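Visitor: only geometry, no sequence info:
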C-alpha cells in the first residue's frame, strides 16, 4: 500500500484487509511523505498487529515510484502480492478468490477484477469498468490498460519479473499498467467479472464515473490533447523494450519495434496501421486510436 495524506479513509481500508477470509496476510506500507495523521494511524495499527503491518516512511516521489519502491522493498517469500490503495474497501473474499485462480498458474500470473464504484459514503453507484470485449493480450496492453490497480493480485513469479529491473518510472503511464504490460508479455492474465473491492470516489479520486460512452471518449480525447507532444504510450513501450525486448518472442518483438519506430510521413502511418496488431477493447476506442496515430498524437 502506498499512502499519502489518507487519514480520512485509511483506517477503514486496513480493517477490510485484516478481516479477509484468507488469513495469512502481511501489509507493507510506504508512506509518500504525508503531512496529515496518516502515519499516526498506521503506527496505531502496527502496535496492534506488529506481526502483520510494516511501514516505510519515504519522501514524496509520487504514486508510480512509490509503488515500484514497494515492489522492490518486498523481501518476503510471499506467494502472492497485491496492489492496495488507501481509500478503498476490500470485499472479504478478495484475496481468497484471486488465489483460487492463480494457484494453478505455473508462470507469471496476474489477477484483476471489476469494482463496485461507490461515492465517498460507500453507497454503490455501478459495477465498473465493463468487462473486456476482446482477449487480454500484450497487443492490448501496449496501448490500453484494463487492469484496475487496486484489484491486482500477482503471484511471486510476476512480482519477481517486475522487481528485477531498474525502471525509470517517469516513462511509465502507471504502476498497474506496467504490471499488465509485463505479465501480458510473458505470463497469464485472469479477469474476474465479480467486483473484489468497493472503489470509493471522492474529491481527490474521481475515475470511471463517465455516464456514457460519449463522455468517456471525450474525456480520453481531452487527455490525449493535453499530452499530445509527450508520446506517453511510446515512451512506456520504449522503456519496456529496453528492459524486456531481448526476452520477447519473435512476433511480439516485431509488433513492439513497429510501434516504437518513427512514423514521419502520412504514408508511414498508414503502413503502420496495416501491419499493426495492437488494439483497444472497444470498436470506438480502436477508431480513436487510429485517428490519434494518423495525426501524430501517439
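Guide: Yes, it's here. Not measured: the values here are computed from a predicted model.

Visitor: tell me the domain ranges of this protein?
Guide: For the chain, the structural domains run 2-200, 213-294, going by automatic domain parsing.

Visitor: looking at the ones you listed, which is buried most?
Guide: domain 2-200 (a mean of 18; mean count of other C-beta atoms under 10 Å). C-betas here are computed from N, CA, C, even on glycine.

Visitor: end to end on that one, go ahead and measure it.
Guide: One end of domain 2-200 sits 16 Å from the other (C-alpha to C-alpha, to the nearest Å).

Visitor: could you give the mean pLDDT of that domain?
Guide: Average pLDDT, domain 2-200: 97.

Visitor: excluding chain neighbours, give the residue nearest to residue 107 in space.
Guide: Spatially, and ignoring its direct neighbours in sequence, residue 107 is nearest to residue 187 (4.7 Å; C-beta to C-beta, 6 or more residues apart in numbering).

Visitor: show me what contacts the one you found?
Guide: 105, 107, 108, 109, 110, 157, 158, 161 (C-beta atoms under 8 Å, 6 or more residues apart in numbering).

Visitor: ok, so of those, who is nearest residue 55?
Guide: Set against residue 55, the nearest of the contacts of residue 187 by C-beta to C-beta is residue 158 (24.3 Å).

Visitor: which residue packs closest to that closest one, ignoring adjacent ones?
Guide: residue 108 (3.9 Å).

Visitor: wait, isn't the one you found in contact with residue 181?
Guide: No: taking C-beta atoms under 8 Å as the definition, residue 108 is not a contact partner of residue 181, at 11.8 Å.

Visitor: OK, contacts around residue 240?
Guide: Contacts for residue 240 were tallied using C-beta under 8 Å, 6+ apart; they are 181, 182, 185, 256.

Visitor: closest to residue 173 among the contacts of residue 187?
Guide: Comparing the contacts of residue 187 against residue 173 with C-beta to C-beta places residue 110 closest, at 16.2 Å.

Visitor: make sure that closest one is indeed in a helix.
Guide: No: with DSSP: H, G, I helix; E, B strand; the rest coil as the criterion, residue 110 is strand rather than part of a helix.

Visitor: tell me which residues touch it, please.
Guide: Applying C-beta under 8 Å, 6+ apart, we find residue 110 in contact with 147, 152-155, 158, 179-180, 183, 187-190.

Visitor: recalculate using a threshold of 7 Å.
Guide: Applying C-beta atoms under 7 Å, 6 or more residues apart in numbering, we find residue 110 in contact with 147, 152, 154, 158, 179, 180, 183, 187, 189, 190.

Visitor: isn't the fifth one right up against residue 153?
Guide: The one in question is residue 179. No: taking C-beta atoms under 7 Å as the definition, residue 179 is not a contact partner of residue 153, at 10.4 Å.

Visitor: just to revisit the earlier point, wait, which of the contacts of residue 110 is closest to residue 62?
Guide: Of the contacts of residue 110, the one sitting nearest to residue 62 (C-beta to C-beta) turns out to be residue 179, at 16.7 Å.

Visitor: where's the residue nearest to residue 19 when sequence neighbours are not counted relative to residue 145, distance?
Guide: In space, and not counting its chain neighbours, residue 19 is closest to residue 92: 6.1 Å by C-beta to C-beta, 6+ apart. Using C-beta to C-beta, to the nearest Å, residue 92 is found at 27 Å from residue 145.

Visitor: what is the most widely separated pair among the contacts of residue 240?
Guide: Maximum pairwise distance among the contacts of residue 240 (C-beta to C-beta): 12.6 Å, between 182 and 256.

Visitor: which parts of the stretch 151-298 of the chain are strands?
Guide: Secondary structure of the stretch 151-298 of the chain (DSSP state E, counting those that start in this stretch): strands located at 153-155, 188-192, 197-200.
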